[in-house]
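Participant: What follows is a predicted structure for the sequence shown.
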Amino acid sequence: CPSCRQALAGSNPDIELFNPEGKPIRVDDIRQLRLRSFMAPSQSPFKVFIINRADLMNMESQNAMLKVLEEPVSSVFILLTENDGALLSTVRSRCKKYTMEILPDGVIADHIKRVYAPLAASFPHEKLMDIISQSHGSMGTALGMLDSSAPKSLMLAKEFLSSLGKGPLTVMEACLSASSLNRAEYADFCTHVSAGLASMALKNPGTARSCTLIYDYMQKQSERLDD
């Protein structure tokens, strides 16, 4: 149906993926989400809010969710979690639980290579598959294990990219952290940051100009390292 085709294309106005980065969820974030849930759907019978890493809601955030979970207004909430034990019993009691099936190693590997290419590229194929095999079919576990084993240059590149837009002090702290890298590590850092900036600019055209300026600077840094 048209709604399903829009959903697959990521363009359905009545489906919202909340917290795609999987960061800790603050109570103010939930309050904003709750306000949006009161808005009537555009073309579907109801709006769908998919909350990624719902287990990262603190107690205050979860309590803020209770009312809309109990009496939703033209909305459905899907809480994705790697650890349902982190959710309050009052939240769990208002939800219907679905356990995901174990994923084959090849499916996990293909997804990580496609969506998390810089992370996958930082590991030899044999090492990547070895870590994935230890995840026992869990995408979240595999990503967590890869993150904890990732090279320092990649972790600092992710830290730098996430600092953009958070104020000059946060950016400066990320730059100071990167200054601890040796020459080879810094070259990898520049490569990872450049790839991340290109991805950011494509996802959010409004950031294209600032991303391009930083990208050009990183390219000059890389060229200096090659001299």
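Facilitator: Arrived safely, thanks for sending.
Participant: Show me what counts as buried in the longest helix anywhere in the chain.
Facilitator: Longest helix in the chain, counting residues (DSSP state H): helix 183-203. Using 16 or more other CB atoms under 10 Å as the test for burial, helix 183-203 gives 185-197, 200-201. Every C-beta, even on glycine, is put in place using the N, C-alpha and C of the backbone.
Participant: go on, stretch 132-142?
Facilitator: By 16+ other CB under 10 Å, the buried positions in stretch 132-142 come out as 132, 135, 137-142.
Participant: And these, which two are furthest apart?
Facilitator: 132 and 140 (12.1 Å; CB to CB).
Participant: Residue 196 contacts residue 158, doesn't it?
Facilitator: Yes. In this structure residue 196 lies within contact range of residue 158 using CB atoms under 8 Å: 7.4 Å.
Participant: all helices for the chain, in order.
Facilitator: 2-9, 27-37, 59-70, 89-92, 105-115, 117-121, 125-133, 139-149, 152-163, 168-178, 183-203, 208-226.
Participant: Surely residue 178 touches residue 155?
Facilitator: No. Here residue 178 lies out of contact with residue 155, judged by CB under 8 Å, at a distance of 10.3 Å.
Participant: what's near enough to touch the residue nearest to residue 113 when sequence neighbours are not counted?
Facilitator: Counting by CB to CB, 6 or more residues apart in numbering, residue 113 lies nearest to residue 120, which is 4.5 Å off, once chain neighbours are set aside. Residue 120 is in contact with 109, 112-113, 128, 146, counting by CB atoms under 8 Å, 6 or more residues apart in numbering.
Participant: Generate a ChimeraX selection restricted to the buried subset of these.
Facilitator: Only the buried entries of the contacts of residue 120 go into this ChimeraX selection, using 16+ other CB under 10 Å:
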select :109,112,128,146
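Participant: low pLDDT regions in this protein?
Facilitator: The model of the chain has pLDDT under 70 over residues 226-227.
Participant: In contact with residue 177: list those residues for me.
Facilitator: 156, 159-160.
Participant: List buried residues within the residues you listed.
Facilitator: Neighbour counting by 16+ other CB under 10 Å classes 156, 160 among those as buried.
Participant: So which of the contacts of residue 177 is the closest to residue 66?
Facilitator: Once CB to CB is applied, the member of the contacts of residue 177 that ends up nearest residue 66 is residue 159, at 33.9 Å.
Participant: How many neighbouring residues does the residue lying closest to the closest one once chain neighbours are set aside have?
Facilitator: Nearest residue to residue 159, sequence neighbours excluded (CB to CB, 6+ apart): residue 174, at 5.1 Å. Residue 174 has 20 neighbours, counted by other CB atoms under 10 Å.
Participant: Enumerate every residue touching residue 174.
Facilitator: By CB under 8 Å, 6+ apart, the neighbours of residue 174 are 156, 159-160, 162-163.
Participant: between those residues, which is nearest residue 91?
Facilitator: When the contacts of residue 174 are compared for distance to residue 91 (CB to CB), residue 162 wins out at 27.5 Å.
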